[in-house]
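J.: Got a predicted structure here, sequence first:
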Protein chains: 2
Amino acid sequence: MKRLSLTLVLLASVFPHAAPAAEEQDEAAFTVRPIGWVQRTEGRTLIVLDKKYQAGLRGLDGWSHVQVIWWFHKNDTPQRRAVLQVHPRGDQNNPRTGVFACRAPVRPNLIALTLCKVVGVEDNVLEVEKIDAFDGTPVLDLKPFAPGLDSATGVRVPDWAGRR
Amino acid sequence: MKRLSLTLVLLASVFPHAAPAAEEQDEAAFTVRPIGWVQRTEGRTLIVLDKKYQAGLRGLDGWSHVQVIWWFHKNDTPQRRAVLQVHPRGDQNNPRTGVFACRAPVRPNLIALTLCKVVGVEDNVLEVEKIDAFDGTPVLDLKPFAPGLDSATGVRVPDWAGRR
């Protein structure tokens, strides 16, 4: 076995630009941190950024819509991050579906995406019309909605998704 | 000082549901791991999932479009994650803009979002028409494009964004 390992090490040093080994890919991980939090107050829906990120909002008021990328923080357990299939919308009549083929709030990376209408921007606060996230939800990123990039034509959806 | 700390601890136990303290928010961080990688091969654009996530693709072939969430891995340095404003598209004529008001590949969390047309799904491989990501790019999540959630009307964009 030792000789085999040595051979592999030598091979790896001979082909340093080969694709990453499966073990290396397994270990890849990235850290994300909240840039702000959802705050519901007096009937308004705010995304309150950490003051240190305020400069990143410059010009956002020139856009009508923003894609809010947030974290399903209430589901951040190893068990829920291990779920790969669900009955969408919690309806047993909907076919068992992969989490990458629906918008389930359980998935390996608990990233959520909501298209929101911009109401206004002031200092470190973005106000949106509404968002399907709890008060206190961590927000990871904001991207303006660019019709040329974010619109689709000839859209097809599965039967279960067209029934609402 | 000790007495003050003790008081704070006692207060915290009396008000366990108070909003997280600023220090706690500062420390919040989440780990994301690639579910797969972009692979360009023979003119095709594939998203090759780690085999262990294959079950998550079930039913994706029923959708025409998918939102691919990936990681700007080539920009994963503290310096680039600290950038908060840019001239969009690298054009000095475009006004200095916050990274949350454009799609710059530098931002605190290096999350990228691309709407792709689904070509097909087989085993652990999703083929898309095209994606603006390098070969070898880590992919974090896939979400089907749902017109009811992901379409906008009355869209407004800044002057610089309408000029392309």
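T.: Structure received.
J.: lowest average confidence, helix or strand, in chain A?
T.: Among the secondary structure pieces of chain A, namely its helices and strands, helix A:2-14 has the lowest mean (mean pLDDT, DSSP states H and E), a mean of 46.
J.: For the most centrally placed residue in chain A, which non-adjacent residue is closest in space?
T.: The centre of chain A sits closest to residue A:111, judged by CA atoms, centre = their mean, with a distance of 2.6 Å. Distances taken as CB to CB, 6 or more residues apart in numbering or on different chains put residue B:141 closest to residue A:111, at 4.8 Å, once the chain neighbours are dropped. Yep, even glycine has a C-beta here, placed from its N, CA and C like the rest.
J.: Tell me how many other residues crowd that neighbour.
T.: For residue B:141, the tally of surrounding residues (other CB atoms under 10 Å in any protein chain shown) stands at 24.
J.: State the distance from it to residue A:36.
T.: Look at residue B:141 and residue A:36: by CB to CB, to the nearest Å, they are 20 Å apart.
J.: Measure how buried residue A:93 is and give me the count.
T.: Each residue near residue A:93 was counted by other CB under 10 Å, and the total is 9.
J.: swap that for residue A:41, sorry
T.: When counting by other CB under 10 Å, one arrives at 9 neighbours for residue A:41.
J.: And it, what's its pLDDT?
T.: Per-residue confidence for residue A:41 comes out at a pLDDT of 94.
J.: my guess is residue A:49 meets residue A:57, correct?
T.: Yes. Applying CB atoms under 8 Å, one finds residue A:49 in contact with residue A:57, separated by 6.7 Å.
J.: who's in contact with stretch A:71-81?
T.: Outside of stretch A:71-81, the residues within contact range by CB atoms under 8 Å, 6 or more residues apart in numbering or on different chains are A:32, A:34, A:105-112, A:134, A:137-140, B:30.
J.: so which pair among the residues you listed is furthest apart in space?
T.: A:108 and A:134 (20.9 Å; CB to CB).
J.: Next, the buried residues of stretch A:148-157.
T.: A:150-152, A:155, A:157 (16 or more other CB atoms under 10 Å in any protein chain shown).
J.: need the residues you listed in CSV with distance to chain B, pLDDT and secondary structure, can you?
T.: As requested, the buried residues of stretch A:148-157 are exported to CSV (distance: CB to the nearest CB, whole Å; pLDDT from 0 to 100; DSSP: H, G, I helix; E, B strand; the rest coil):
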residue, distance to chain B, pLDDT, secondary structure
A:150, 6, 95, helix
A:151, 7, 94, coil
A:152, 5, 95, coil
A:155, 5, 96, coil
A:157, 6, 97, coil
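J.: Off-centre distance for the lengthiest strand in chain A?
T.: What stands out as the longest strand in chain A, according to DSSP state E, is strand A:111-122. A distance of 14 Å separates the C-alpha centroid of strand A:111-122 from that of its chain, computed with CA atoms, centre = their mean, to the nearest Å.
J.: do stretch A:153-164 as well
T.: Using CA atoms, centre = their mean, the distance between the centre of stretch A:153-164 and that of its chain works out at 22 Å.
J.: quick one on the thing from earlier: of residue A:49 and residue A:57, who's got more company?
T.: Using other CB under 10 Å as the criterion, residue A:49 and residue A:57 rank with residue A:57 on top: 26 against 23.
J.: isn't the more buried one right next to residue B:98, touching?
T.: Yes. With contact defined as CB under 8 Å, residue A:57 and residue B:98 form a contacting pair (4.9 Å).
J.: sorry, back to before: give me the common contacts of residue A:49 and residue A:57.
T.: A:124, A:126.
J.: List buried members of the contacts of stretch A:71-81 by neighbour count.
T.: A:32, A:34, A:106-112, A:137-140, B:30.
J.: From these, pick the one nearest residue A:45.
T.: Checking the buried ones among the contacts of stretch A:71-81 against residue A:45 by CB to CB gives residue A:137 as the nearest, at 10.8 Å.
J.: Show me the helices in chain A, by range?
T.: Taking DSSP state H as the criterion, chain A carries its helices at A:2-14, A:22-27, A:78-81, A:147-150.
J.: In PDB, could you pull the C-alpha coordinates for the last one?
T.: Right, helix A:147-150. What follows is the C-alpha trace of helix A:147-150 in PDB, where atoms were taken according to Å, rounded to 0.1, in the frame of the first residue of the first chain:
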ATOM      1  CA  PRO A 147     -34.300  42.200 -18.000                       C
ATOM      2  CA  GLY A 148     -31.700  41.200 -20.600                       C
ATOM      3  CA  LEU A 149     -30.200  38.600 -18.200                       C
ATOM      4  CA  ASP A 150     -33.100  37.700 -15.900                       C
END
